[in-house]
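Chemist: Give me a 3D structure for the following:
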Amino acid sequence: MRLKLFTFRGTFILLSASALIMSSCGNETTKETDELPPVDSTQSTILNVSGEIFSIPSPIQTAFLIKNSGAAYSKEVINAPSKSAQYSTNFSKAMNLGIYGADLGYVTIFDQTQDAIGYLNAAKRLADELGVAGAFDAQTIERFTKNLGNKDSMLVLTGVAYRSSDAYLKNNDRNDVSGLILAGGWLESLFFATNVYKIKPSEEVKRRIAEQKTSLQSLIKLLTQYYSQPEYTEFVDNLNDLSSVFDGVEFTYSYEKPTTDAEKKVTTINSKTEVKITPEQIESITQKTKAIRNQIVE
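Modeler: Next comes the predicted model:
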């Protein structure tokens, strides 16, 4: 199986915090319609971090992977929506808005409609308190209500809401908050994967965990510019500790000539990237991820 590593390029793609939730929603428009496009669960998110490009799996992509692995739905891997009232700083609100976005995607993929309502309300509360205009306004909430039980539509609408919040934050020069929402969604996604691997280990989930080595490096680079702020200092230090655990994860690239089907005009890339990660490394990543997340959600 191929592993997608991040690359830096000369062209820049606008960072979208909505990609936290679902990278494929970028083509969705906000016009008044309940005819929403299907979800593409295979796409990674391409992000611009301070002028540099990297790829990160969206939490939706990871949630699909977890469900396809055969793992059962578990409330133990998601943050209780009732906790939304206890987050008092912009740092904790933004981080947990990202976490709740990932959780909303998770419960939706597992067809947990009633739980989805709770996470929608939790996300709306934090977005409102952060002053993110329009992200979960009355019109968006109405569309969610009309589409309860329609998995694809719920996922698309989640992406619409988070894209709206990201645009507002960017336009009002609040990139630090946007970065925290991204980090929260990424952290929750890794927490999903490490927990599922303990219960139902698979090569696909193991690979997904290992892939986060490069994404983590880019997140650290994004957040380090705010390092002087106390809450950021502790969080970035924790991410650096986690990155040290990932240092031992190795990738090997083997080139194979592409094959082309001239009739169908399709070229298949056959080169592969193999990953080497030990059970001890996975356990260390699992424990460190849990500790970081607990500091954020408690």
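Chemist: what about the helices in the stretch 1-150 of the chain?
Modeler: 59-68, 90-109, 113-129, 138-146 (DSSP state H, counting those that start in this stretch).
Chemist: hey, which of those is tucked in deepest?
Modeler: Neighbour counts (mean count of other CB atoms under 10 Å) averaged over each of the helices of the stretch 1-150 of the chain peak at helix 90-109, with a mean of 27. C-beta coordinates here come from the backbone N, C-alpha and C atoms, glycine included.
Chemist: Rounded mean pLDDT for that one, please.
Modeler: In this model, helix 90-109 has a mean pLDDT of 90.
Chemist: Stretch 186-202 now?
Modeler: The pLDDT scores in stretch 186-202 average 92.
Chemist: And for stretch 270-283?
Modeler: Mean predicted confidence for stretch 270-283 is 85.
Chemist: where does Asp111 fall, phi/psi-wise?
Modeler: Dihedral pair for Asp111: phi 60, psi 40, per degrees, to the nearest 10.
Chemist: Just the C-alphas of stretch 77-92, formatted as PDB.
Modeler: Provided in PDB are the C-alpha atoms of stretch 77-92 (Å, rounded to 0.1, in the frame of the first residue of the first chain):
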ATOM      1  CA  VAL A  77     -12.800   7.700  22.100                       C
ATOM      2  CA  ILE A  78     -14.800  10.900  21.700                       C
ATOM      3  CA  ASN A  79     -15.100  13.900  24.000                       C
ATOM      4  CA  ALA A  80     -18.400  14.300  25.800                       C
ATOM      5  CA  PRO A  81     -20.300  17.300  24.300                       C
ATOM      6  CA  SER A  82     -21.500  18.300  27.800                       C
ATOM      7  CA  LYS A  83     -17.900  19.400  28.500                       C
ATOM      8  CA  SER A  84     -18.200  22.300  26.000                       C
ATOM      9  CA  ALA A  85     -19.500  24.600  28.800                       C
ATOM     10  CA  GLN A  86     -16.300  24.200  30.800                       C
ATOM     11  CA  TYR A  87     -13.800  25.600  28.300                       C
ATOM     12  CA  SER A  88     -13.000  29.100  29.300                       C
ATOM     13  CA  THR A  89     -10.100  30.300  27.200                       C
ATOM     14  CA  ASN A  90      -9.800  30.900  23.400                       C
ATOM     15  CA  PHE A  91      -7.100  28.300  23.400                       C
ATOM     16  CA  SER A  92      -9.200  25.600  24.900                       C
END
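Chemist: If I look at Asp128, what pLDDT would I see?
Modeler: For Asp128, the pLDDT comes out at 87.
Chemist: Adding distance to Leu182, write the helices of the stretch 1-150 of the chain out as TSV.
Modeler: Compiled in TSV, those are given as follows (distance: least, CB to CB, whole Å):
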stretch	distance to Leu182
helix 59-68	10
helix 90-109	6
helix 113-129	15
helix 138-146	20
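Chemist: Quick one, which of the ones you listed gets closest to Ser244.
Modeler: helix 90-109 (21.4 Å; CB to CB).
Chemist: residues of stretch 289-298 that come out buried?
Modeler: Neighbour counts using 16 or more other CB atoms under 10 Å place 289, 292-293, 296-297 of stretch 289-298 among the buried residues.
Chemist: who wins for proximity to Ile277 among the helices of the stretch 1-150 of the chain?
Modeler: The stretch from the helices of the stretch 1-150 of the chain with the least distance to Ile277 (CB to CB) is helix 59-68; that distance is 16.1 Å.
Chemist: on contacts alone, who are the packing partners of that closest one?
Modeler: Judged by 3 or more CB pairs under 8 Å, 6 or more residues apart in numbering; DSSP states H and E, helix 59-68 is in contact with helix 90-109, helix 175-199, helix 203-224.
Chemist: now the longest one and helix 59-68, what's the angle there?
Modeler: When you say that, I think you mean helix 175-199. 10 degrees (axes from the mean of the first three to the mean of the last three CA atoms, to 10 degrees).
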